[in-house]
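Enquirer: pasted the sequence and its predicted model underneath.
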Amino acid sequence: MTDCQIALPVNIDRVFDYQCLPDLTVSIGDLVKVPFRSTSLIGVVIGLDPSSHPPDKLKPIIQRLDSLGPISAVHLRLARWMARYYRHPLGEVLALCYPKQLHKGVPETLQSQAEPIWGLTEAGRIIDPVSLSRAPRQQELVQHLGDGPKRQSELTRYPGITSRVIAALHKRQLIGPVDQATMRTPAEYTLTEAQQSAIEQVQLNRFEAHLLEGVTSSGKTEVYLHLIEQVIDGGGQALVIVPEIGLTPQLLQRFSKRLSQRVASSHSAMTHRQRLRIWADCQSGRVDVLIGTRSALFTPFPALGLIVVDEEHDASLKQMEGCRYSARDVAVQLANLSDIPVMLGSATPSLETLHNALGNRYRHQRMPARTGGASQPGFQTVDLRAHPGPDGLTSPLLLAISRQLTDGNQVLLFLNRRGYAPVLMCDRCGWHAECPHCDARMTLHQHERRLRCHHCATVRRMPIDCPKCRSDRLAPVGVGTERLEQALQQQFESTPIYRVDRDMIRRRDAFDQISRQVLAGDPCILLGTQMLAKGHHFPNVTLVAVIDIDQALFSSDFRAVERAAQLLTQVAGRAGRASRPGSVMIQTRHPEHPLFTDLLAQGYHRFALGLLREREAASFPPFSHLVLCRVSAEQSSRLDAFFDRIMAVKPQAAEVQCYGPMPAPLARRAGRLRAQLLLIATDRSALRSLLDDWIPAIEVLPGSHHCRWSFDIDPQDMS
């Protein structure tokens with residue numbers, strides 16, 4: 001019998017000893033099922049050392065799960081690094097490395113069957129989809145495949161598209177299985193000098209981190225594609241991390257058409273079963289390229305040769321629950337452990353990444369010009385003090401929209417606030433609708449006659465009269481995307497208007513449908529939140545208007561100006577991406593703010609260099625390192641008592657500055673009171689040493705279970 005150390009997915013920072021009976025053989029990295037308290041769990045074998053416990057005290061392993069193989073040595077090392085760096089139990093970190101579907105058992109046929117890929121036959125390519133109107137699902141399937149062949153799991157994620165619909169079209173010989181090995185489309189693209197230089201700087205088969213800083217529409221994706229083609233031709237695989245896979249259909253189609261149908265995607269909108277299949281396909285080598293959100297980092301690859309992190313600055317690459325890791329930083333560490341290159345791409349790189357590039361820790365390639373002769377858009381600010389805009393639309397903006405639509409162009413309006421209005425207020429007594437569980441106001445959603453809290457998801461009916469004074473003078477205050485859409489419909493009755501926000505884009509194919517309509521080229525208005533700012537290519541958009549960005553100008557978060565500059569630059573980059581020149585209008589009450597005067601005059605790169613100088617003078621990241629301790633409790637007395645206890649056991653560390661305890665910016669959320677403690681040090685090792693002693697002392701404090709607490713390493717959100 002062998003003693004085993006097993007990491008389990010529980011919030012306990014230790015490993016557990018079990019016994020391996022003689023009829024079972026296990027190795028480091030194996031997935032095993034073991035009894036734990038009154039249930040059973042899947043864990044990972046991380047040691048085979050003799051236990052300090054008597055043999056009769058050790059429970060035996062129930063089963064080894066060998067259908068999908070062990071966790072790779074690289075991912076074991078990565079998990080250990082993450083557990084140390086992010087101060088999180090190793091078992092929960094390792095749980096990121098295998099699909100949740102494993103808890104329900106592994107289907108026997110999962111690895112033995114390759115997933116079919118379907119494409120249009122010759123008859124399917126020439127048929128008019130209108131002739132299938134009596135079979136609307138078949139008609140939709142033909143339209144979906146018009147963009148190119150797709151995996152069956154990808155097709156069945158569209159509403160109404162089932163295996164029966166696929167079988168029916170196959171029987172009619174309108175679609176057929178596609179040999180993925182024949183799907184490579186040779187590149188018909190002449191690289192620019194900057195693109196060629198960026199590609200030549202990357203040496204495959206060795207670790208090096210690269211920052212590819214290219215303005216919007218400079219051709220960063222083409223650089224990725226050329227490098228990935230080299231990797232595939234050498235028998236390797238590539239991993240592409242993007243912020244939001246559900247909103248990048250163009251990227252998926254472009255990769256699939258260019259690289260073959262051995263391209264797969266992985267993201268949170270997929271079922272556990274679908275993600276398990278992708279996991280198995282990548283591990284078996286049936287996938288050449290995986291495009292996914294941050295969790296795709298933990299997918300096994302037998303021949304990983306390149307990692308790309310697109311839009312590396314995006315805040316959604318930071319996990320905000322459980323193990324609070326940065327997908328960008330984990331990608332760099334994974335590349336290091338795998339001894340392969342990693343490319344971080346962005347038009348607006350984060351200050352941390354830019355600092356690493358300027359310090360020669362990363363290689364830095366810049367692409368300062370757009371491809372295809374497209375020019376950078378021109379900028380204009382509209383002073384809202386001189387041009388008040390009811391419902392968010394000023395007279396200069398309305399005139400500009402009208403001119404562009406008349407000329408046959410398309411317009412994109414950006415407003416990062418969904419709903420009808422952020423506040424519902426009584427004009428008589430001043431009452432306003434507040435969330436009963438958060439220190440926040442509820443957003444009015446006029447169409448559904450509901451008030452919604454965007455922090456805790458509480459929903460209430462819209463009141464008929466004021467709950468305080470019974471007046472019927474309830475008025476919406478402020479503008480959200482729903483209200484702006486209504487105002488646009490009144491001004492431009494004959495123009496199609498497409499709203500893109502979380503309220504409208506709920507189905508997986510909703511944005512696909514909007515994209516097709518916009519790419520058809522007819523005049524229209526696109527309206528949306530930051531979902532529209534991420535990598536979309538709409539060549540006929542010639543005017544981008546930012547309705548209101550002032551809320552970001554005076555935030556207490558030191559990263560607010562950096563984020564606003566990134567968002568503004570990314571949104572502006574949607575304009576004039578083809579032969580038609582573009583323009584950007586920014587509505588603001590503070591046109592003299594440096595965000596506008598300096599950013600618009602100098603461009604993002606020089607603006608970011610100025611921000612770096614300010615950060616250095618203030619000893620803020622990336623010139624220092626942060627740890628944020630977040631604590632929440634149902635009662636203020638328990639919150640205060642917890643901080644008293646943890647501060648009493650806090651080790652002395654002169655190199656570490658401690659600010660707080662202090663209320664969180666949102667002091668009450670979902671019925672819980674919230675407070676935090678900020679630790680700052682210029683020497684990361686001083687922070688590490690402090691936490692090494694402090695966290696174990698906190699874990700054994702009496703009454704700590706009355707509070708929820710966590711340490712966020714390198715926090716990106718200070719709320």
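Expert: Arrived safely.
Enquirer: name the SS class of the closest residue to residue 657 other than its chain neighbours, please.
Expert: In space, and not counting its chain neighbours, residue 657 is closest to residue 680: 4.6 Å by CB to CB, 6 or more residues apart in numbering. C-beta here means a position set from N, CA and C on the backbone, and glycine is covered the same way. Following DSSP: H, G, I helix; E, B strand; the rest coil, we place residue 680 in the strand state.
Enquirer: distance of residue 680 relative to residue 688?
Expert: Using CB to CB, to the nearest Å, one gets 14 Å for the distance from residue 680 to residue 688.
Enquirer: can you tell me what sits against the longest strand belonging to the chain?
Expert: Ranked by number of residues, the top strand in the chain under DSSP state E is strand 657-669. By CB atoms under 8 Å, 6 or more residues apart in numbering, the residues outside strand 657-669 that reach it are 437-440, 455-456, 556-557, 629-632, 643, 647, 650, 673-681, 718-719.
Enquirer: what do you get for stretch 6-13?
Expert: 15-18, 32, 34, 36, 41-46, 61, 88-92, 94-95, 699.
Enquirer: and the buried ones among the residues you listed, selectable in PyMOL?
Expert: Restricted to buried positions by 16 or more other CB atoms under 10 Å, the PyMOL selection for the contacts of stretch 6-13 reads:
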select buried, resi 15+16+17+18+32+34+36+41+42+43+44+45+46+61+88+89+90+91+92+94+95
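Enquirer: relative to residue 588, how far out is residue 572?
Expert: Between residue 572 and residue 588 the computed distance is 14 Å (CB to CB).
Enquirer: go on, residue 531?
Expert: In this view, residue 531 and residue 588 are 22 Å apart by CB to CB.
Enquirer: kindly report the same for residue 339.
Expert: Separation of residue 339 from residue 588 (CB to CB): 48 Å.
Enquirer: neighbour count: those two, which is higher?
Expert: More crowded of residue 339 and residue 588, by other CB atoms under 10 Å: residue 588, with 20 against 12.
Enquirer: show me what contacts the more buried one?
Expert: Neighbour list for residue 588: 381, 382, 383, 384, 548, 549, 550, 596 [criterion: CB under 8 Å, 6+ apart].
Enquirer: can you tell me the element residue 165 falls in?
Expert: Secondary structure from DSSP states H and E places residue 165 in helix 163-171.
Enquirer: that helix packs against which elements?
Expert: With contacts taken as 3 or more CB pairs under 8 Å, 6 or more residues apart in numbering; DSSP states H and E, helix 163-171 sits against helix 136-145, helix 152-155, strand 175-177.
Enquirer: try 6 Å
Expert: In terms of contacts (3 or more CB pairs under 6 Å, 6 or more residues apart in numbering; DSSP states H and E), helix 163-171 is packed against helix 136-145.
Enquirer: and the contacts of the helix it packs on?
Expert: 120, 129, 132, 160, 161, 165, 169 (CB atoms under 6 Å, 6 or more residues apart in numbering).
Enquirer: which one of these has the most neighbours?
Expert: residue 169 (24 neighbours).
Enquirer: roughly how far apart are it and residue 628?
Expert: Applying CB to CB to residue 169 and residue 628 gives a distance of 53 Å.
Enquirer: got it, and residue 129?
Expert: From residue 129 across to residue 628, the span is 53 Å (CB to CB).
Enquirer: repeat that for residue 704.
Expert: Distance from residue 704 to residue 628, by CB to CB: 18 Å.
Enquirer: what's the answer for residue 319, then?
Expert: For residue 319, the distance to residue 628 equals 14 Å [CB to CB].
Enquirer: quick one, which of those two is more surrounded?
Expert: More crowded of residue 319 and residue 628, by other CB under 10 Å: residue 628, with 23 against 17.
Enquirer: who's in contact with that one?
Expert: For residue 628, the contacting residues are 676, 678, 712, 715, by CB under 6 Å, 6+ apart.
Enquirer: could those residues go into JSON lines alongside distance to residue 204?
Expert: What follows is those, written out as JSON lines (distance: CB to CB, whole Å):
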{"residue": "676", "distance to residue 204": "44"}
{"residue": "678", "distance to residue 204": "41"}
{"residue": "712", "distance to residue 204": "35"}
{"residue": "715", "distance to residue 204": "34"}
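Enquirer: tell me which of these fall in strands.
Expert: Using DSSP E, those in strands are 676, 678, 712.
Enquirer: buried stuff in the helix or strand encompassing residue 512?
Expert: Taking DSSP H and E as the criterion, residue 512 maps to helix 510-519. With burial defined by 16+ other CB under 10 Å, the residues of helix 510-519 counted as buried are 511, 512, 513, 514, 515, 518.
Enquirer: closest one of those to residue 333?
Expert: residue 511 (32.1 Å; CB to CB).
Enquirer: from residue 529, how far off is the closest one?
Expert: As defined by CB to CB, residue 511 lies at a distance of 12 Å from residue 529.
Enquirer: what's the answer for residue 120, then?
Expert: Going from residue 120 to residue 529 by CB to CB gives 35 Å.
Enquirer: list the contacts of residue 311.
Expert: Residue 311 touches 243, 346, counting by CB under 6 Å, 6+ apart.
Enquirer: how about low-confidence regions in the stretch 301-450 of the chain?
Expert: The stretch 301-450 of the chain contains residues with pLDDT under 70 at 372-375.
Enquirer: where along it do the strands fall?
Expert: Using DSSP state E, counting those that start in this stretch, the strands of the stretch 301-450 of the chain run over residues 304-310, 341-346, 363-367, 378-383, 410-414, 423-426, 443-445, 450-452.
Enquirer: tell me which of these sits most buried.
Expert: Neighbour counts (mean count of other CB atoms under 10 Å) averaged over each of the strands of the stretch 301-450 of the chain peak at strand 410-414, with a mean of 27.
Enquirer: now residue 556: closest residue in space, sequence neighbours ignored.
Expert: In this structure, residue 556 finds its nearest non-sequential neighbour in residue 665, 6.6 Å apart by CB to CB, 6+ apart.
Enquirer: ditto for residue 390
Expert: Nearest non-adjacent residue to residue 390, counting by CB to CB, 6+ apart: residue 487, 7.7 Å away.
Enquirer: doesn't that neighbour fall inside a helix?
Expert: Yes. Counting by three-state DSSP, residue 487 is part of a helix.
Enquirer: didn't it look like it was pressed against residue 394?
Expert: No. At 11.4 Å, residue 487 does not count as touching residue 394 under the criterion of CB atoms under 6 Å.
Enquirer: which one of the two has more residues nearby?
Expert: residue 394 (20 against 16).
Enquirer: roughly how far does residue 27 sit from residue 64?
Expert: Applying CB to CB, the value for residue 27 to residue 64 is 9 Å.
Enquirer: so which of the contacts of stretch 6-13 are in helices?
Expert: Among the contacts of stretch 6-13, DSSP state H puts 90, 91, 92, 94, 699 in helices.
Enquirer: and those residues, which is closest to residue 421?
Expert: Of the ones in helices among the contacts of stretch 6-13, the one sitting nearest to residue 421 (CB to CB) turns out to be residue 92, at 40.6 Å.
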